[in-house]
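In: for reference, the sequence and a predicted model appear below.
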Amino acid sequence: MSDLIQEFNDYRSKMNEKLLADNNKIVKRIFNLDTNAYAEGALDVKTKELLGLVASTVLRCDDCVKYHLETSYKEGVSKEEMMEAMGIATLVGGTIVIPHLRRAYEFWEALEEAGNK
């Protein structure tokens with residue numbers, strides 16, 4: 001797995017464990033709500049992940065973008081589907097999201113590289 005992906009996942013896991021171990025009821029409920037929101041429902045997981053990707057890009061949350069990119073990749077989203085969603089995100093978010101688009105593209109390439117090994 002690419003260092004870019006590994007570093008992100010290691011840090012995210014470590015900090016999530018610490019946050020959840022703190023036993024804050026509100027934080028735990030938000031984490032639970034987030035998990036359940038992306039579960040299969042009227043919309044499939046793939047579609048929900050693309051929605052999360054667009055929202056995260058517009059809100060300019062690089063960690064969120066990386067998370068949704070990786071989950072989308074695992075759900076079978078193609079590069080073309082991802083780029084179409086990111087096109088919508090860039091349209092809605094404006095040119096200020098272009099740096100996030102660049103980092104998202106770089107992360108997607110790392111996911112493809114890791115998936116081909």
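Out: Good, I have the coordinates.
In: state the three-state secondary structure for the residue sitting furthest away from the middle of the chain.
Out: For the chain, the largest distance from the centre (C-alpha atoms, centre = their mean) belongs to residue 23, which lies 24.8 Å off. Look at residue 23: counting by DSSP: H, G, I helix; E, B strand; the rest coil, its state is coil.
In: per-residue confidence at residue 115?
Out: Residue 115 is assigned 88 on the pLDDT scale.
In: number of nearby residues for it?
Out: By other C-beta atoms under 10 Å, 10 other residues sit near residue 115. (C-beta placed from N, C-alpha, C; glycine too.)
In: what distance do you get for the most centrally placed residue in the chain to residue 62?
Out: Computing the C-alpha centroid of the chain and ranking residues by C-alpha atoms, centre = their mean puts residue 68 first, at 1.8 Å. Remark: distance between residue 68 and residue 62 (C-beta to C-beta, to the nearest Å) = 11 Å.
In: please apply the same query to residue 13.
Out: For residue 13 relative to residue 62 (C-beta to C-beta), the value is 17 Å.
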